[in-house]
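# What shape does this take:
(chains A and B)
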Amino acid sequence: MFAHLHFHSPFSFLDGTGDFAETARIAAETGIGAIALTDHNTVSGALRFQRQLKEAGIKPIIGAEVTLEEGYHLVLLAKDRLGYANLCRLLTEGWLRSANGREFALSLESLRTFNRNLIALSGCRKGKIPALILQNKFQEARQAAEEYLAIFGRENLFLELQGNLLPREARLNKYLADLAAMLKVGVVATCNVHYPRKADFPLHDLLTCVRTLTTLPELHPERRLNAENYLKTPEEMSRLFREYPRALANTALIAEACSSGIDFPRNIFPAFDTPQAESAPEFLRRLTFMGAKERYGRLTPEITARLEQELAIINQLGFADYFLAVWDVVRFARAHKIRYAGRGSAADSAVAYCLYITNVDAIERGLLFERFLSLERGEKPDIDIDFEAEGREKVIEYIYRKYGRERVATVCTFNTFGTRSAIRDLGKAMGFSLAELDRLAKRFPWFRIDDPVAAIQQYPELRNSGLPFHRYEQLLKFVAQVIGQPRFIGTHLGGVVISALPLTDLTPLQYGHQSRLITQFDKHDIEELGLIKFDLLSLKTLSVLRDVAPTCAPETIPQNDRATYEMLNTGETVGVFQLESPAQRNLQSRLGAERMEDLVASVALIRPGPIEGNMVEPYIARRQGSEPISYLHPDLERILKKTYGVVLFQEQVIEIATVIGGFTPGEADQLRRVMTHARSRAQMQNLGALFCQKATARGVSPEVAETIFSYIIGYAGYGFCEAHAAAFADTAYKTAYLLKHYPAEYFCALLNNQPMGFYAPETLCVEARRRGISILPLEINESRREFTVTPAGIRVGFKQLKGITDDTIEAILTARAKAPFTSLFDFVLRVPAANKAITEHLVLAGAFDRLHPNRKQALWLLNQALTAGRTTTCTTNAAPALPLAMPAAALKAPETISDFTQWEKFTQERSVLGFSADHHLLEFYREYLRNNAYATSQDIKELPTDTRVRIAGKVVRPHRPPTKSGRTVVFLTLEDEFGLVDATVFEKTYQSYGHLIFTRELLGFTGRVQRRGKAGSLLVEEAHDLPRTALDNKGPTGSAARRADQLSQYSTR
Amino acid sequence: MPKRTDYPLQVACTRQGLPRKLIWPDGRRSENIAEILDYWREVGAWWDGESERQVYLVVTTTQKSYELYQVLATGSWYLTRVFD
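Numbers count the residues shown, from 1 in each chain, chains lettered A, B, ... in the order given. Have a look, this model is predicted:
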């Protein structure tokens, strides 16, 4: 048996390529018996590697190639769990104890401490022994070998002979073999694999260029001389090492000495520190029933039975400690007034509700606990909790304090190559200019495209782009190969693990974002180590609720507020959590929501699963009573009654499969996995065949079985579980209430918590203005740090200014607190923290308009003031009396400097603030649009259906959700100075105009007005650029005037 | 000092495919290889269409050192460096 014992994967981050499946396939085909994963300073790929190799019958060995303090490499292989734990400790030491904490460096001292059950191989040419031999420093090489020998012992140290056909290789291998013989240690044949197939070399070479920031024609020592670092067959290795049969035989010997991958304990969650010597199950039971009394008041037999049943399952699965830990976390949050909301399938649990982990009454809603936890699945619970952003940090700190830093870590995430990032990275290495790559990358849709070459014909924004694609043929082939490969390790947004054992027994730790310790395994792998993950996520909406709380505390919001539902029914829901997308606004205008159940359904309806399952229209029709509710099978009535016979939630899909199809718990679980994890249409089709077969055997007609399954096939796409939808609907209702009753405070909070939600600040400002709330410009003597509500409207805050720092804002506010600024000179003098660029931005944002109405003159003055003012020493804290060193009169700008045009001011404000407080882009085109009979967004609301119109607007968030037919439908929002109008573009029109729709900020459209429900929308027939002459750069010439007169110009054809 | 060239020549090989004798294109001059000092493989500028080559550093019976390579795709030989 031959084993490859030095193998790098893409987890060597830009020093390895290819996937584990391909590696396993080659190994199985060519008779490689075992492979050791030896990525640089990480075991991140270990679990995926061992899963894939075991599946193919190949023995996986876990190891790593570590970098020592002197920069030398050394390969370490774990013989067993203990060896693996030592490897994890060494990797942690190397990451945490290095000089800067960012580059790995392992000391010999650490190797001396944690060497048990590890096998060491001397490494590639960067290994200390081979490197010294290549420098003809034979004595030092021997000393290095003796040093390793002292650490690892004779049976655990092997000198690596590599077969990569490099210069001086034969000589090097001979010296290594002689040295090994001299020291009586073994030799081993390796190939320093960095890619599975020889044909993968060019991509690896290109990735090396990305890693070393070079281009292909440039030389760099890291670039490999040849394509010999592939997974060579045992025959090829035999030929290369025919002079060293022992080195070949030792590969098998080492592989036998190592365990087949690493097995981990099932559950290593720490025991919760319960009071009064209660056991965890007892304590959990007591807390649950205490909470139940608070939640329900009176405990009915039904409630008690449900809680007892849940507790029994939780205890039987051994998760009482976990529930207590989560309870403890939310208890901390409540005690510290940190807003949170449990989400996901945890809301299926009445125990979680009683412990205040979630806010959804699972019993009242009839939610199935089995969707969350079941004895059959025995799967670990996954509780996700959203926190307001700042509060989340306090919660995480609390967890660290409680369990100790060695037992808590944040889960890592792997940043992978996407289409756009791969184009930029690989293209740069291939020598394309950044500007050219930017043009190319931006033309590709933002989502992942596995075949970028085919995409050129598929997407009109690419096809009609005029880009010279023949130049990018090779680049796009490389892009296709690298998409999805890990590029670097990062910090997961919310995943935290807590362990009973020191974490370094299970995973190496390294520094992540904000120096937080992260695991080397991501959320997909972490549970396999026996760890349970908390998802403590940051939800900006909760921060918004917190910000509005002084005006209206969310706890005081009444249920079933009629005015709130009336607002929802108009579809004017921009800003409402989960209900603000065009599809949601359209749904709201048609659904006629009047209770929380409608919002729960709304949240679940606009998801790929129900959309692809064609559930939306039937649901609306049945909800409104315009279509009878019928059930294809009598058993469906009980399952689907509350959703009017429509399959809406994942729970319903599982129940249908169980009740109608007679799925076993295992099969139902498989279905659940496809819906929640795999989302594979092929797997869903297989389950469909099984469903039809089993349902037919149970007496259901084949046609009915087929039809029932066709309802649920769309759930291979993404769908919500009811519990999750209910948790989101609760928050959605609260935000809708605040929007209705406290719009100024609510929009202000939304603007202060950007980025969040579906729309950019500019669109939120349009919507606020439409609701009669003025947006007041940045003003040097009025604005505060953030957006603030004033009697006159929402005042823009300093934080919105591009490039400004917290310190500068603080300096401005401190100086202003002493006395208002009287001039630009005064400002320059008293706020030295504001540099020239920031002060210019303030001028361009209009912050000095009251003091200096002519902005161009103000910029001229700024230069003068900076020269004069900064040479003047201001030694007192009092407002300086002008002039100090220079008469104010001397700082007068020439009258001949005329101000910027309105258009210039508008574009400058957008550049430094992201939007203009006073004007909208369309105002500058309105005269042309009016003269050419273009409608406005408000016209669309009043025009009858099928009216053919022209309309122009800013194109907001064009997107193409999945459709049942698989054809492209683009949804977008057109924004003008009066508001928003949603537009739909079907496949044929998209193919003709997609290149405009996805690349232009401003477009004109021709189409037909659609009226469904209370809102009007546009069905696009044609898109066009507005002529250059349409821009009136002198400024807006009118507003909404003459709108009524124009309505008569549109005809219904 | 080595002189860099890219000079096509014929090479007679052993049964194992190793270079044995260098034959200049005019066919009138040849040198026997006494020893292969080193050998390695190179990919060259693959992005410009260069193909893989096997390189040999040899010393001839006349005590001259040469670096030569064989283009693996075509089997052609080239002399690339001569060491005086």
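# What count of nearby residues applies to A:F978?
By other CB atoms under 10 Å in any protein chain shown, 22 other residues sit near A:F978. All C-beta atoms are positioned from the backbone trio N, CA, C, and that covers glycine.
# Which residue, other than its chain neighbours, is closest to it?
In this structure, A:F978 finds its nearest non-sequential neighbour in A:Q938, 4.5 Å apart by CB to CB, 6 or more residues apart in numbering or on different chains.
# Mind listing what's buried along the helix or strand where the one you found lies?
Using DSSP states H and E, A:Q938 falls within helix A:937-942. Residues of helix A:937-942 classed as buried: A:S937, A:Q938, A:D939, A:I940, A:K941 (neighbour count, 16 or more other CB atoms under 10 Å in any protein chain shown).
# I'd like to know which elements it is packed against.
strand A:948-959, strand A:970-976, strand A:979-985, strand A:1015-1024, helix A:1043-1047 (3 or more CB pairs under 8 Å, 6 or more residues apart in numbering or on different chains; DSSP states H and E).
# how about these, which one is nearest chain B?
strand A:948-959 (36.5 Å; CB to the nearest CB).
# Roughly how far does the residue nearest the centre of chain A sit from chain B?
What sits nearest the mean C-alpha location of chain A, by CA atoms, centre = their mean, is A:L493, with 7.9 Å. The gap separating A:L493 from chain B is 39 Å, by CB to the nearest CB, to the nearest Å.
# If we ignore the residues flanking it in sequence, what's nearest that residue?
A:L537 (6.2 Å).
# Break chain A into its domains for me.
A:2-257, A:280-406+A:513-538, A:418-484, A:778-913, A:921-1049 (automatic domain parsing).
# which ones are touching residue 13?
I'll assume chain A. Going by CB atoms under 8 Å, 6 or more residues apart in numbering or on different chains, A:F13 touches A:H40, A:T42, A:R211, A:P486, A:R487, A:F488, A:I489.
# ah, no, chain B please
Counting by CB under 8 Å, 6+ apart, B:C13 touches B:P19, B:R20.
# Using the three-state scheme, assign the residue of the stretch 251-400 of chain A found nearest chain B.
Per CB to the nearest CB, A:T251 is where the stretch 251-400 of chain A lies closest to chain B, at 22.3 Å. Of the three states, A:T251 takes helix under DSSP: H, G, I helix; E, B strand; the rest coil.
# Now do the same contact list for the closest residue to it other than its chain neighbours.
Leaving aside its chain neighbours, A:T251 sits nearest to A:A3 (4.2 Å; criterion: CB to CB, 6+ apart). If you count contacts by CB under 8 Å, 6+ apart, A:A3 has them with A:I32, A:G33, A:A34, A:I35, A:A36, A:K59, A:I61, A:T251, A:A252, A:I254, A:A255.
# now swap in A:P460 and tell me
Going by CB under 8 Å, 6+ apart, A:P460 touches A:Y990, A:Q991, A:S992, A:Y993, A:G994, A:H995.
# switch to 10 Å and redo it
A:T968, A:T989, A:Y990, A:Q991, A:S992, A:Y993, A:G994, A:H995, A:L996, A:I997, A:F998 (CB atoms under 10 Å, 6 or more residues apart in numbering or on different chains).
# Distance-wise, check it relative to chain B.
Where chain B is concerned, A:P460 sits at a distance of 31 Å (CB to the nearest CB).
# what do you get for A:Q50?
Counting by CB to the nearest CB, the gap from A:Q50 to chain B is 32 Å.
# Can you give me the neighbour number for that residue?
22.
# now do the one 10 residues further on
A:P60 has 26 neighbouring residues, counting by other CB under 10 Å.
# Pairing partners for the one helix or strand in chain B whose mean pLDDT sits lowest, with directions?
Least confident helix or strand, chain B: strand B:2-13 with a mean of 81, by mean pLDDT, DSSP states H and E. Using DSSP bridges, the strands paired with strand B:2-13 are strand B:19-23 (antiparallel), strand B:77-83 (antiparallel).
# Export only the CA atoms of the lengthiest helix in chain A, formatted as PDB.
Assignment by DSSP state H gives helix A:722-741 as the longest helix of chain A. Output in PDB follows, covering the C-alpha atoms of helix A:722-741 (Å, rounded to 0.1, in the frame of the first residue of the first chain):
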ATOM      1  CA  GLU A 722     -43.800  28.300  10.800                       C
ATOM      2  CA  ALA A 723     -42.000  29.000  14.100                       C
ATOM      3  CA  HIS A 724     -39.400  31.200  12.400                       C
ATOM      4  CA  ALA A 725     -42.100  33.000  10.400                       C
ATOM      5  CA  ALA A 726     -44.100  33.600  13.600                       C
ATOM      6  CA  ALA A 727     -41.000  35.000  15.300                       C
ATOM      7  CA  PHE A 728     -40.300  37.400  12.400                       C
ATOM      8  CA  ALA A 729     -44.000  38.400  12.100                       C
ATOM      9  CA  ASP A 730     -44.000  39.500  15.600                       C
ATOM     10  CA  THR A 731     -41.100  41.900  14.900                       C
ATOM     11  CA  ALA A 732     -42.600  42.900  11.600                       C
ATOM     12  CA  TYR A 733     -45.900  44.000  13.300                       C
ATOM     13  CA  LYS A 734     -44.000  46.100  15.800                       C
ATOM     14  CA  THR A 735     -42.100  47.900  13.200                       C
ATOM     15  CA  ALA A 736     -45.200  48.500  11.100                       C
ATOM     16  CA  TYR A 737     -46.900  50.000  14.200                       C
ATOM     17  CA  LEU A 738     -44.000  52.300  14.800                       C
ATOM     18  CA  LEU A 739     -43.900  53.400  11.100                       C
ATOM     19  CA  LYS A 740     -47.600  54.100  11.200                       C
ATOM     20  CA  HIS A 741     -47.700  56.000  14.500                       C
END
